[in-house]
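**Student:** Sequence and predicted structure, then a few things I'm wondering about:
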Amino acid sequence: MDKLCKVRVLLIYPEFPDTFWSFKYALKFIRRKASSPPLGLLTVAAMLPGEWEKRLVDMNVVALRDETLKWADLVFISAMSVQEKSVREVMARCKAEGVPIVAGGPLFTAGYDAFDDIDHLVLNEAEITLPLFLEDLKRGNAGRIYTTDQWADIRETPVPLWELINIKHYASINIQYSRGCPYNCEFCDITLLCGHMPRTKEREQVIREIESVDASGFRGSIFFVDDNFIGNKKKLKDEILPDIIRWMERRRYPFTFNTQASIELADHQDLLQLMVKAGFDVVFIGIETPNEQSLAECSKFQNRGRDLIASVKIIQKAGLEVQGGFIVGFDSDPVTIFDTQIKFIQASGVVTAMVGLLTALPRTQLYERLKKEHRLLKEASGNNTDLAINFIPRMDYDQLIAGYKKVLSTLYSPRIYYARIRTFLKAYIPPPKKKKIFRIRLNYIAAFFRSTVVLGLVGKERFQYWRLLFWTTFRHPRLLSQAVTLSIYGFHFRKVFEKNRT
């Protein structure tokens, strides 16, 4: 590959299985093929030489064709652990076509020794390791493994190449403001992949990336994929959010935003107000468990000693919907944990409650502890809602799985789920109406009518569906679209659970 100016590179994003976060069954209502595009690959594409020919295949959107593989001189793959099955299939097809593979991303960084057939492993953060690989490739002596123990300066990270995708296929677009999390939860691999110290982009970068999405023609929700959006609270309050607010006001609010944050967001009313004013309407929070002993066990100290439900309510009343992550299977979990989790989630009004079995991800503190205790059974699948566990739990295994099934079947049963929607809508105080650009979004209007058929006429939730719509129309008419959206989400969650259960 001595003539690098003629390199044809194919970037491949492997397929996701049906999981909680795939929103596969919900996406059908709005005629979208995937929840969000592969931000990592699109950013890597922007780092590659400008003279290279580039194509991107997101297998969650389009099929990978043999002719496309034959076209490529190099294949770049990035993936998370939950995509491993699809990764293996892509690897086999590349080998059959004789196309060299360059791999990176969380799956390979955490477990590169399990992929002997990969030609080049560009691990950790591409801002550091990709230029090293490209320089060696130019010289004709590209190595197999490129790794680093340094953290990248993301102020140098380029804007993703949105032109490589059909943006109309996606329900939301993702961008990134920061990397890293100041906390040290035992089960989490974020600090391994991105470090403890939050690293941030500059205000001009953030606006430039929002403008790039705006220029693409996309309208809707932008997801800040930050590990903990509020890791640097001062910079957010002093620079980032005020700039976003000014930009959104000028552009008459073409987007809404959502992100991930830690629970102490509830302690900062000024930050909450700025986020809502900027257009944020949803935040995902790792709540994990109401059991104090289990929080101590996993070093989730930021959640300990606080009234978690009260914290959730504060955020909801500020104008943000709280989505929550919950876990069962801790060593400290009592046999009553399943009923406790159900009661907590119902009382909190966290409608989108992702309850998973504790999973030992490679190289995490949990993984290393269980390895020393000879309790590891297999590598993690990356899907913590598939009714499988990769270590020997303290609780009786059958009791744990039965209890977990009870949690999911209860929380997503129509009666309980729709009651939780009403609990949320009662607590939620929507922000004042903003003067948005008027656009008729036909796909969302169509989604409403599809929901009246699928949920209101055919589905087993039809009584609860119509009851919720009438209740919302007369009590909280401004929240009708949210009521419909959450109803559709519930349909997806039930379908995923039913599929996993069988």
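**Tutor:** Thanks, I have the structure now.
**Student:** Figure out how far the lowest-mean-pLDDT helix or strand in the chain is from the centre of its chain.
**Tutor:** Lowest mean confidence among the helices and strands of the chain (mean pLDDT, DSSP states H and E): helix 442-453, at a mean of 86. Its chain's C-alpha centre and that of helix 442-453 lie 25 Å apart, by C-alpha atoms, centre = their mean, to the nearest Å.
**Student:** Now tell me what touches whichever helix or strand comes after that helix from outside.
**Tutor:** The helix or strand immediately downstream of helix 442-453 is helix 462-475, counting by DSSP states H and E. Helix 462-475 has contacts (C-beta atoms under 8 Å, 6 or more residues apart in numbering) with 414-415, 417-418, 421-422, 425, 451, 455-456, 459, 479-480, 483-484, 487. Bear in mind the C-beta positions are built from the backbone N, C-alpha and C, glycine included.
**Student:** ranges for the helices of the stretch 251-400 of the chain?
**Tutor:** Applying DSSP state H, counting those that start in this stretch to the stretch 251-400 of the chain gives helices spanning 269-278, 292-297, 308-318, 337-348, 365-372, 397-411.
**Student:** So for the shortest one, mean pLDDT?
**Tutor:** Same thing as helix 292-297. Throughout helix 292-297, pLDDT has a mean value of 97.
**Student:** For that helix, name the packing helices and strands.
**Tutor:** Helices and strands touching helix 292-297, by 3 or more C-beta pairs under 8 Å, 6 or more residues apart in numbering; DSSP states H and E: there are none.
**Student:** mind listing what's buried in that helix?
**Tutor:** Of the residues in helix 292-297, 294-295, 297 count as buried by neighbour count, 16 or more other C-beta atoms under 10 Å.
**Student:** Could you look up the SS state of residue 75?
**Tutor:** Taking DSSP: H, G, I helix; E, B strand; the rest coil as the rule, one finds residue 75 in the strand state.
**Student:** now residue 311: how far from residue 305?
**Tutor:** 11 Å (C-beta to C-beta, to the nearest Å).
**Student:** swap in residue 102?
**Tutor:** 47 Å.
**Student:** same thing with residue 135?
**Tutor:** As judged by C-beta to C-beta, residue 135 and residue 305 stand 51 Å apart.
**Student:** So which of residue 311 and residue 305 has more stuff around it?
**Tutor:** Taking other C-beta atoms under 10 Å, residue 311 and residue 305 do not tie; residue 311 has more neighbours (20 against 8).
**Student:** In helices, which of the contacts of helix 462-475 fall?
**Tutor:** Per DSSP state H, helices hold the following members of those: 414-415, 417-418, 421-422, 425, 451, 480, 483-484, 487.
**Student:** Top of those by number of neighbours, please.
**Tutor:** residue 487 (27 neighbours).
**Student:** rewinding a little: for the least confident helix or strand of the chain, buried residues please.
**Tutor:** In terms of neighbour count (16+ other C-beta under 10 Å), helix 442-453 has its buried residues at 447-448, 450-451.
**Student:** Next: stretch 454-474.
**Tutor:** Neighbour counts over stretch 454-474 (16+ other C-beta under 10 Å) mark 454-456, 459, 461, 464-465, 468-469, 472 as buried.
**Student:** now stretch 40-52
**Tutor:** Those would be 40-46, 48, 52, for stretch 40-52 by 16+ other C-beta under 10 Å.
**Student:** could these go into CSV alongside distance to residue 165?
**Tutor:** Formatted as CSV, the buried residues of stretch 40-52 follow (distance: C-beta to C-beta, whole Å):
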residue, distance to residue 165
40, 13
41, 9
42, 7
43, 12
44, 13
45, 10
46, 13
48, 16
52, 17
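**Student:** Count the residues that sit near the residue nearest to residue 25 when sequence neighbours are not counted.
**Tutor:** Spatial nearest neighbour of residue 25, excluding adjacent residues (C-beta to C-beta, 6 or more residues apart in numbering): residue 492 at 4.0 Å. Close neighbours of residue 492, defined as other C-beta under 10 Å, add up to 21.
**Student:** how much space is there between residue 492 and residue 352?
**Tutor:** Remark: distance between residue 492 and residue 352 (C-beta to C-beta) = 10 Å.
**Student:** Point out where this protein drops to low pLDDT.
**Tutor:** 1-5, 434-442, 502 (pLDDT under 70).
**Student:** and of the buried residues of stretch 454-474, the nearest to residue 247?
**Tutor:** Nearest to residue 247 out of the buried residues of stretch 454-474 is residue 472 (C-beta to C-beta; 31.7 Å).
**Student:** gap between residue 456 and residue 86?
**Tutor:** Using C-beta to C-beta, we find residue 456 at a distance of 35 Å from residue 86.
**Student:** The protein - how does it break down into domains?
**Tutor:** Using automatic domain parsing, the domain parsing of the chain gives 4-146, 171-427, 442-501.
**Student:** Format these as TSV; extra columns: distance to residue 156.
**Tutor:** Below are the domains of the chain laid out as TSV (distance: least, C-beta to C-beta, whole Å):
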stretch	distance to residue 156
domain 4-146	6
domain 171-427	9
domain 442-501	37
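**Student:** Of all these, which one is nearest residue 155?
**Tutor:** Comparing those by C-beta to C-beta, domain 171-427 comes nearest, at 5.5 Å.
**Student:** Who are the contact partners of residue 154?
**Tutor:** 127, 176, 178-179, 199-201.
**Student:** sorry, that was for residue 402
**Tutor:** Per C-beta under 8 Å, 6+ apart, neighbours of residue 402: none.
**Student:** CA-only coordinates of stretch 346-366 in CSV, if you can.
**Tutor:** The C-alpha coordinates for stretch 346-366 follow below in CSV (Å, rounded to 0.1, in the frame of the first residue of the first chain):
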residue,chain,number,x,y,z
GLN,A,346,-42.4,3.2,40.8
ALA,A,347,-42.3,5.9,43.4
SER,A,348,-39.5,7.8,41.6
GLY,A,349,-41.4,8.1,38.3
VAL,A,350,-38.4,7.0,36.4
VAL,A,351,-40.3,5.7,33.4
THR,A,352,-37.3,4.6,31.3
ALA,A,353,-35.7,2.3,33.9
MET,A,354,-33.0,0.1,32.6
VAL,A,355,-32.6,-2.7,35.1
GLY,A,356,-29.7,-5.0,34.4
LEU,A,357,-27.9,-7.9,36.0
LEU,A,358,-24.5,-7.0,37.4
THR,A,359,-21.9,-7.7,34.8
ALA,A,360,-18.1,-8.0,35.3
LEU,A,361,-16.7,-6.1,32.3
PRO,A,362,-13.0,-6.9,31.3
ARG,A,363,-10.3,-5.1,33.4
THR,A,364,-12.8,-3.4,35.7
GLN,A,365,-12.2,-3.5,39.5
LEU,A,366,-15.1,-5.9,39.7
